[in-house]
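>>> task: produce atomic coordinates for the following.
(chains A and B)
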Amino acid sequence: QKEVEQDPGPLSVPEGAIVSLNCTYSNSAFQYFMWYRQYSRKGPELLMYTYSSGNKEDGRFTAQVDKSSKYISLFIRDSQPSDSATYLCAMSGAGNQFYFGTGTSLTVIP
Amino acid sequence: EAQVTQNPRYLITVTGKKLTVTCSQNMNHEYMSWYRQDPGLGLRQIYYSMNVEVTDKGDVPEGYKVSRKEKRNFPLILESPSPNQTSLYFCASSLRVAGELFFGEGSRLTVL
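Below you'll find the model as predicted:
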């Protein structure tokens, strides 16, 4: 079983839609949860960073962590064509390694 | 400008010809790591370093070597590349363990 599972998509939505991206994980020791955005031919860049359970909001982006269900989500409100990218979830525990999902490809259609 | 710089960005080589991918960061970060990204497999950690002269294996270290002689540099060495090492490689750094990772632009390596 993989440490982190993420639906690869692809996901295609109209501009202005609410997008929901999700990951599940198996290691209960994970405490740090991240979402990265990766544009084509670029390195990933951090979007959201949360510690333990709960919600975090930053502009149009909301990250949710449910440790009891081992489930994390990223919501994008009022999606824009510039949001078209691959979204990667990532997790880390007390150790020194990060574990990434395989990424979900998102296209926002104008 | 804060950045992680990798070179070369693109490389085509042949089986067995030793190569080095350089990585340098200008943010005085303690933690550096290397990943490979493959379709359907996502980002997988190859090696990481907590500080100068401190390195450790990630999930897929076979066929790779690293060194951390200076804080800013963390080269990835392929002593005898094989076709299964054809991949997109990313170097990343972080101020602290489990902190925000800053990624380089990637190095696309093809081994024939």
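
>>> from residue B:78, how far off is the closest residue in space to residue B:8 that isn't next to it in sequence?
Distances taken as C-beta to C-beta, 6 or more residues apart in numbering or on different chains place residue B:107 nearest to residue B:8, at 6.2 Å, with adjacent residues excluded. Where you see a C-beta, it was placed from the backbone N, CA and C, and this is true even at glycine. Distance, residue B:107 to residue B:78, by C-beta to C-beta, to the nearest Å: 11 Å.

>>> ok, back up a step: what does the pLDDT read for the residue nearest to residue B:8?
Looking at residue B:107, its pLDDT is 97.

>>> common neighbours of residue B:107 and residue B:78, please.
Counting by C-beta atoms under 8 Å, 6 or more residues apart in numbering or on different chains, the common neighbours of residue B:107 and residue B:78 are residue B:21.

>>> whatever residue of chain A ends up closest to chain B: neighbour count?
Nearest residue of chain A to chain B, counting by C-beta to the nearest C-beta: residue A:43, 3.3 Å away. Other residues near residue A:43 number 21, with proximity taken as other C-beta atoms under 10 Å in any protein chain shown.

>>> also residue B:99?
By other C-beta under 10 Å, 17 other residues sit near residue B:99.

>>> next one: residue B:109
Residues lying near residue B:109 (other C-beta under 10 Å) number 21.

>>> which parts of chain A are strands?
A:4-6, A:11-14, A:19-25, A:32-38, A:45-51, A:54-58, A:61-66, A:71-76, A:85-92, A:98-100, A:104-109 (DSSP state E).

>>> now do the fifth one: distance to the chain's middle.
This points to strand A:45-51. Its chain's C-alpha centre and that of strand A:45-51 lie 9 Å apart, by C-alpha atoms, centre = their mean, to the nearest Å.

>>> report the angle between the axes of it and strand A:71-76?
If you take axes from the mean of the first three to the mean of the last three C-alpha atoms, to 10 degrees, strand A:45-51 sits at 130 degrees to strand A:71-76.

>>> which parts of strand A:45-51 are buried?
A:46-50 (16 or more other C-beta atoms under 10 Å in any protein chain shown).

>>> other SSEs contacting it?
Applying 3 or more C-beta pairs under 8 Å, 6 or more residues apart in numbering or on different chains; DSSP states H and E, we find strand A:45-51 packed against strand A:32-38, strand A:54-58, strand A:61-66.

>>> so of those strands, which one's packed in deepest?
Across the helices and strands packed on strand A:45-51, averaging neighbours per residue (mean count of other C-beta atoms under 10 Å in any protein chain shown) puts strand A:32-38 on top, at a mean of 23.

>>> near chain B, anything from that strand?
Yes - using C-beta under 8 Å from any C-beta of the partner chain, strand A:32-38 comes into contact with chain B via A:32, A:34, A:36.

>>> I'd like those as JSON lines, with distance to residue A:97 and pLDDT appended.
Formatted as JSON lines, the residues of strand A:32-38 next to chain B follow (distance: C-beta to C-beta, whole Å; pLDDT from 0 to 100):
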{"residue": "A:32", "distance to residue A:97": "11", "pLDDT": "91"}
{"residue": "A:34", "distance to residue A:97": "13", "pLDDT": "94"}
{"residue": "A:36", "distance to residue A:97": "16", "pLDDT": "96"}
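
>>> hang on, the earlier thing: could you double-check that the residue nearest to residue B:8 sits in contact with residue B:7?
Yes - counting by C-beta atoms under 8 Å, residue B:7 is a contact partner of residue B:107 at 7.3 Å.

>>> where do the contact lists of the two overlap?
residue B:21.
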